[in-house]
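any chance you could fold what I've pasted below:
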Amino acid sequence: MEHQRLGRTGIEVSRLILGCGNFGGIGSSPAFFGRGETEEQAGAIMDAAWEAGITTYDSADAYGGGRSETFIGNWLRSRGVRPVLTTKTFNPMEEDADSGLSRERIRRQIETSLERLGVEQVDLYLSHAMDPATPVAETAAALDELQRDGTIGAWGGSNVDAPWVEEARPAWVQNSYSLLDREDESGVIPICAREGLGYTPFSPLAGGWLTAKYRRGEESPAGSRMTFRPEPYEHLQNDRTYDSLEAFEVLAAERETTPATLALAWLLAQPHVTAVVLGARRPEQLRPALDALELQLSPEEAETVAAVFE
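Residues are numbered from 1 along each chain as shown. Here you go, the predicted model:
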């Protein structure tokens with residue numbers, strides 16, 4: 001497994017980061033708390049990731065209403081290992097609970113995260129979204145305080161735009177980015193390149209769209225993202241997207257690989273991508289990402305892949 005320094009943090013992360021958003025829920029949605037992977041299933045996924053050399057695990061306090069962090073903490077104690085840990089705060093922990101990035105709430109939430117994870121320090125801490133009710137300067141100052149007192153190793157921003165990055169000056173950014181979501185190329189990514197910030201994209205397969213599981217004129221497969229939380233991806237249901245995906249599937253076949261592996265290899269080939277956050281519902285779903293590490297597209301090959309979606 002390759003490792004790379006995450007921007008200015010000085011912390012090395014595995015080029016594949018295990019996303020734990022489905023442990024005990026489906027992301028941060030209170031409607032799905034208690035669903036998603038059970039603790040036993042989550043443990044099997046973490047075991048497989050660790051065995052494959054994935055040494056960075058990504059969670060959030062609101063994933064599964066705290067269950068994700070709890071599952072990770074229990075796994076750490078039972079296995080006696082210590083991956084690089086990333087967690088986040090912003091979203092409510094339960095229905096009608098508070099949210100946001102005020103100094104008071106950040107300090108309260110990091111303490112509960114430390115307790116669930118069973119550690120004294122979170123290596124990497126993220127604001128999970130932008131908070132229009134709190135000045136960016138207050139959020140950044142609170143996170144700087146946590147870093148100075150050793151509660152966190154470094155901090156970054158997730159689901160953030162270019163103005164937020166310019167003002168907050170995080171150490172790295174974690175945003176949605178894939179062949180089907182390239183908005184950051186016109187704003188956030190140039191800032192990261194200019195300032196030497198790390199960049200760790202999530203949703204690298206666009207909710208499964210880049211795996212060829214969604215077909216023109218067919219119902220979404222049972223249990224897929226489009227049957228649970230389709231809202232972020234409904235805009236992809238059009239002929240242009242289906243045309244691109246069908247051409248992409250042909251391109252993958254020509255290279256004797258899968259669409260998922262080719263999509264992940266494209267991301268890993270981008271010079272601004274430090275590491276890719278990969279969510280897996282089952283251990284075998286790690287395979288395409290591990291194969292992508294071996295594929296190693298050249299810049300010219302990466303351009304050919306991207307051209308399919310232009």
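
quick one, helices of the stretch 151-300 of the chain?
162-168, 188-195, 225-228, 239-254, 259-268, 287-295, 299-307 (DSSP state H, counting those that start in this stretch).

please give the element, helix or strand, for residue 86.
strand 84-89 (DSSP states H and E).

what average pLDDT does that strand get?
Taken as a whole, strand 84-89 has a mean pLDDT of 98.

tell me the strands beside it, with direction?
strand 56-58 (parallel), strand 122-127 (parallel) (DSSP bridges).

what pLDDT does the residue nearest the centre of the chain get?
Central residue of the chain (CA atoms, centre = their mean): residue 202, 3.3 Å from the mean position. Looking at residue 202, its pLDDT reads 97.

may I have the beta-bridge partners of it?
residue 176.

which residues touch it?
Residues in contact with residue 202 (CB atoms under 8 Å, 6 or more residues apart in numbering) are 19, 58, 158, 174, 175, 176, 177, 277, 279. Where you see a C-beta, it was placed from the backbone N, CA and C, and this is true even at glycine.

tell me the spacing between it and residue 99.
19 Å (CB to CB, to the nearest Å).

what does stretch 211-226 contact?
By CB under 8 Å, 6+ apart, stretch 211-226 touches 205, 207-208, 227, 230, 233, 236, 239, 242, 245-246, 248-249, 258-260, 263, 288.

start to end distance for stretch 228-238?
Stretch 228-238 has its terminal residues 19 Å apart, counting by CA to CA, to the nearest Å.

before we move on, back to that, now what about the strand holding residue 86, what contacts it?
With CB under 8 Å, 6+ apart, strand 84-89 has contacts from 11-14, 17, 55-62, 69, 72, 101, 105-106, 109-110, 113, 117, 119, 122-128, 158, 174.

PyMOL command to pick out the buried ones of the residues you listed?
Buried residues among the contacts of strand 84-89 (16 or more other CB atoms under 10 Å), as a PyMOL selection:
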select buried, resi 11+13+14+17+55+56+57+58+59+60+61+62+69+72+101+105+106+109+110+113+117+119+122+123+124+125+126+127+128+158+174
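
mind listing which of the contacts of strand 84-89 are in strands?
12-14, 17, 56-58, 122-127, 158, 174 (DSSP state E).

between the contacts of residue 202, which sits nearest residue 191?
residue 175 (11.5 Å; CB to CB).

excluding its backbone neighbours, what's nearest the closest one?
residue 184 (5.4 Å; CB to CB, 6 or more residues apart in numbering).

and residue 264, by the same measure?
residue 292 (3.6 Å).

for the one you found, give me its contacts.
Contacts of residue 292 by CB under 8 Å, 6+ apart are 261, 262, 264, 265, 267, 268.

verify the contact between the fourth one and residue 295 for me.
Right, the one you point to is residue 265. Yes - here residue 265 reaches residue 295: they are 4.0 Å apart, a contact under CB atoms under 8 Å.

so between these two, which is more surrounded?
Neighbour count, other CB atoms under 10 Å: between residue 265 and residue 295, residue 265 has more, with 24 against 17.

next up, the contacts around the more buried one.
Residue 265 neighbours (CB under 8 Å, 6+ apart): 257, 292, 293, 295, 296, 297.

ok, residue 118 to residue 238 distance?
On the measure of CB to CB, residue 118 and residue 238 end up 46 Å apart.

in terms of neighbours, single out the busier of these two.
Just comparing residue 118 and residue 238: by other CB under 10 Å the higher neighbour count belongs to residue 118, 14 against 10.

ok, now how distant is that one from residue 79?
Taking CB to CB, one finds residue 118 at 12 Å from residue 79.

where in the stretch 151-300 of the chain is pLDDT low?
Across the stretch 151-300 of the chain, the ranges flagged by pLDDT under 70 are 226.

what about 80?
222-231 (pLDDT under 80).

for the stretch 1-150 of the chain, same thing?
28, 30-32, 95-96.

try 90
Residues of the stretch 1-150 of the chain meeting the criterion pLDDT under 90: 1, 8, 25-36, 92-98.

so what sits against both of residue 265 and residue 295?
With CB under 8 Å, 6+ apart, residue 265 and residue 295 have common neighbours residue 257.
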